[in-house]
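>>> Generate coordinates for the sequence data below:
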Amino acid sequence: MTQINSLIFENLDVDDDFRWLLKQRLAEDDVYNMFDTEVNIVSRETDLKQKTSLPAVTLSVFQSQSILPDDEQLQAYTPFTVEINVYTTGKGRVDKCIKLCNIIIKILQSSGQLPHYYCRGLRLESNNEVGTFLNDAERRVIRMSGLCYNNQKIIINRR
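Numbers count the residues shown, from 1 in each chain. The predicted structure follows:
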């Protein structure tokens with residue numbers, strides 16, 4: 001069956017775009033030198049408890065409103081939330097975690113072309129220290145929000 005109107009929120013494409021953007025920036029020398037190793041961007045399929053080296057970043061994109069099945073193809077824009085978990089370990093892990101969070105926030109607040117979308121930046125909702133199940137690790141959770149214009153493939157911040 002041919003789809004007449006494809007105005008749906010492609011959360012996997014948005015997720016992939018933000019992962020791509022983070023990988024580009026977090027591979028640069030200043031971030032590498034902060035940890036003397038590469039920051040691991042954890043895939044959607046990886047269980048963090050079992051096989052991830054730190055420092056690590058997880059990322060999830062959530063649609064911020066529920067959609068009725070009949071309305072799914074008629075969605076001109078979609079509010080969404082990006083949740084980023086940042087894990088660091090070792091000496092100075094608290095300061096390094098805060099610095100890494102600040103770098104990530106700056107990346108996601110900037111404008112630019114992504115593989116699938118043009119992003120005009122996300123809005124910071126929260127940046128909190130939280131507990132972690134990993135021994136000797138620091139964890140912070142960043143939540144940012146955006147609005148995706150599905151027909152134009154543009155992401156803006158929600159103010």
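>>> Before we move on, what's the pLDDT of the nearest residue to Phe62 once chain neighbours are set aside?
Once flanking residues are discounted, Phe62 sits nearest to Thr81: 4.8 Å by CB to CB, 6 or more residues apart in numbering. Just so you know, the C-beta spots here come from the backbone N, C-alpha and C atoms, and that holds for glycine as well. As predicted, Thr81 sits at a pLDDT of 95.
>>> residues of stretch 18-36 that come out buried?
Phe18, Arg19, Leu21, Leu22, Arg25, Leu26, Val31, Met34, Phe35 (16 or more other CB atoms under 10 Å).
>>> Are we agreed that Leu21 is in a strand?
No: secondary structure of Leu21 (DSSP: H, G, I helix; E, B strand; the rest coil): helix, not part of a strand.
>>> That one contacts Leu114, doesn't it?
Yes: judged on CB atoms under 8 Å, Leu21 makes contact with Leu114 at a distance of 6.1 Å.
>>> I'd like the next helix or strand past the lowest-mean-pLDDT helix or strand in the chain.
Here the helix or strand of the chain ranked lowest by mean pLDDT, DSSP states H and E is helix 48-51, holding a mean of 64. Later in the chain than helix 48-51, the nearest helix or strand by DSSP states H and E is strand 56-63.
>>> What's the first helix or strand after that next one?
strand 77-89.
>>> Count the neighbours of Arg158 for me.
14 (other CB atoms under 10 Å).
>>> what is the residue nearest to the spatial centre of the chain paired to in the beta sheet?
The residue lying closest to the centre of the chain (CA atoms, centre = their mean) is Leu59, at 4.4 Å. Leu59 has the following beta-bridge partners by DSSP bridges: Ile84.
>>> Quick one, grab the pLDDT at it.
At Leu59, pLDDT is 95.
>>> Asp17 is in contact with that one, correct?
No: Leu59 is beyond contact range of Asp17, at 10.6 Å (criterion: CB under 8 Å).
>>> picking that back up, next, the contact list for the residue nearest to the centre of the chain, please.
Asp15, Phe18, Arg19, Leu22, Ile41, Val42, Val82, Glu83, Ile84, Asn85 (CB atoms under 8 Å, 6 or more residues apart in numbering).
>>> Please verify my assumption that the third one contacts Leu26.
So the one you mean is Arg19. No: between Arg19 and Leu26 there is no contact under CB under 8 Å: 10.3 Å.
>>> May I ask which helix or strand encompasses Lys96?
helix 93-109.
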